[in-house]
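Participant: return a 3D structure for these sequence lines:
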Amino acid sequence: MESKFPGYRLLPYLLIFPSVAVIAVFLVVPFAQAVQQSFYRTSPFGTTTRFVGWDNYVQIFSTPEYLRSLVTTVGFAGLVIVGGLVASLGIAILVTRRIRGLGFYQVAFIWTYALSPAVAGIIWALLFDPAVGLGTYVIQLISGYRINMMVQGTVALLIAATAAAWNMLGYNICFFIAGLQNVPKEFEEAARVDGAGVWRTFWRVTFPMISPTTAFLLFVNMVYAFFQVFGLIDVMTQGGPGGATEILVYKLYRDAFIRLRGNFASAQSVVLFLMVAAAALFQLRVATRKAVYSR
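Facilitator: Here you go, the predicted model:
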């Protein structure tokens, strides 16, 4: 470090200090407090506090409501991650072709990421409003079936997952476009000369070359699906109907601020963090091992 900054031994540490301080104040310290509070039980008004050990964690996995929320979260995250990445990759492939108005399409598909999840939730809630929603009307016109996400749990989950995937569409497309533009064209041309079709060329040549981008987006979308969709769920369904869209991060909020079970919610936050961290480490290890980083 000193050889790269001769005469300025403390400069590298001063440069990274603001970032480290922000992470410590807003992430490390709150997480440590959540871990500490998860071993206690406090009255709703904070008048009494007693140590209960692992009782909050035992209660988490013995509560059917929490286990149902866990299953809902896994299904929701799967729809957002797989559906979002597949759609984004397909659109990115189309908008990297030589077509008229290419620049307009690239910008048009990226703008969705400029919206916050709450704003995206408002748009989709209005679009599929049971009474006046355009999406509801079009589906009924085409299929003759009238959907109502206020009373149909499966429909509500599908619409919420689609809205969340749509919100990340622009971000994913942006990275996929960058990855596709960096694939050496001579590799694809060589595959075609050898007789490979378009589909085989994509799976054998193009997709392995963008595997680092795919691995990165898989991680980012997983974190997004588990943590960053609170505003979207709150605006669209508030966890309903009947808890059908009550994912773990929203259940944590309800237990902490509506049911006033802060210590139980702290234990949930620790469990959620450990689950996502374990899944992220596994995913990064597997994806990094299979990714192609050399050209």
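Participant: can you pull out the helices in the stretch 1-150 of the chain?
Facilitator: Remark: helices assigned in the stretch 1-150 of the chain by DSSP state H, counting those that start in this stretch are 11-23, 29-37, 55-61, 64-78, 84-95, 102-110, 117-127, 134-143.
Participant: so what secondary structure elements neighbour the fourth one?
Facilitator: Secondary-structure packing of helix 64-78 (3 or more Cβ pairs under 8 Å, 6 or more residues apart in numbering; DSSP states H and E): helix 153-181, helix 211-227, helix 248-253. No exception for glycine: its C-beta is placed from N, CA and C like everyone else's.
Participant: between that helix and helix 153-181, how many degrees?
Facilitator: 40 degrees (axes from the mean of the first three to the mean of the last three Cα atoms, to 10 degrees).
Participant: what residues does helix 64-78 touch?
Facilitator: 60-61, 157, 160-161, 164, 222, 225-226, 229, 243-249, 251, 268 (Cβ atoms under 8 Å, 6 or more residues apart in numbering).
Participant: what subset of those residues is buried?
Facilitator: 60, 157, 160-161, 164, 222, 225-226, 229, 243-249, 251, 268 (16 or more other Cβ atoms under 10 Å).
Participant: how close does residue 52 get to residue 66?
Facilitator: As for residue 52, its distance to residue 66 is 17 Å (criterion: Cβ to Cβ, to the nearest Å).
Participant: the two: which has the busier surroundings?
Facilitator: The residue with more neighbours, out of residue 52 and residue 66, is residue 66; 20 against 16, by other Cβ atoms under 10 Å.
Participant: check what pLDDT residue 237 gets.
Facilitator: With respect to pLDDT, residue 237 has a value of 93.
Participant: skipping adjacent residues, who's closest to it in space?
Facilitator: Counting by Cβ to Cβ, 6 or more residues apart in numbering, residue 245 is the residue found nearest to residue 237 once chain neighbours are left out, at 4.5 Å.
Participant: who's in contact with residue 273?
Facilitator: residue 31.
Participant: so which helix or strand takes in it?
Facilitator: Assigned by DSSP states H and E, residue 273 falls within helix 262-290.
Participant: tell me how far that helix lies from the chain's centre.
Facilitator: Centroid separation for helix 262-290 versus its chain: 13 Å, with Cα atoms, centre = their mean, to the nearest Å.
Participant: got the angle between that helix and helix 64-78?
Facilitator: Going by the same axes, to 10 degrees, helix 262-290 makes 30 degrees with helix 64-78.
Participant: now helix 262-290: mean pLDDT?
Facilitator: 85.
Participant: got the buried residues for it?
Facilitator: So, applying 16+ other Cβ under 10 Å, buried residues of helix 262-290: 262-272, 276, 279, 287.
Participant: is it possible to export those to CSV including distance to residue 113?
Facilitator: CSV is the format used below for those (distance: Cβ to Cβ, whole Å):
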residue, distance to residue 113
262, 33
263, 36
264, 34
265, 30
266, 32
267, 33
268, 29
269, 26
270, 30
271, 29
272, 24
276, 21
279, 23
287, 22
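Participant: which residues does residue 34 contact?
Facilitator: 266, 269-270.
Participant: could you do residue 40 as well?
Facilitator: Counted by Cβ under 8 Å, 6+ apart, residue 40 has contacts 49-52, 263.
Participant: state the distance from it to residue 58.
Facilitator: When residue 40 is compared with residue 58 (using Cβ to Cβ), they lie 14 Å apart.
Participant: send the alpha carbons of stretch 26-38 over as PDB?
Facilitator: Extracted C-alpha coordinates of stretch 26-38, given in PDB (Å, rounded to 0.1, in the frame of the first residue of the first chain):
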ATOM      1  CA  PHE A  26     -26.000   1.900   8.900                       C
ATOM      2  CA  LEU A  27     -25.300  -1.800   8.500                       C
ATOM      3  CA  VAL A  28     -23.000  -3.300  11.000                       C
ATOM      4  CA  VAL A  29     -24.200  -1.500  14.200                       C
ATOM      5  CA  PRO A  30     -27.900  -2.100  13.400                       C
ATOM      6  CA  PHE A  31     -27.300  -5.700  12.700                       C
ATOM      7  CA  ALA A  32     -25.400  -6.200  15.900                       C
ATOM      8  CA  GLN A  33     -28.300  -4.500  17.800                       C
ATOM      9  CA  ALA A  34     -30.800  -6.800  16.100                       C
ATOM     10  CA  VAL A  35     -28.700  -9.900  17.100                       C
ATOM     11  CA  GLN A  36     -28.700  -8.600  20.700                       C
ATOM     12  CA  GLN A  37     -32.400  -7.900  20.800                       C
ATOM     13  CA  SER A  38     -33.300 -11.200  19.300                       C
END
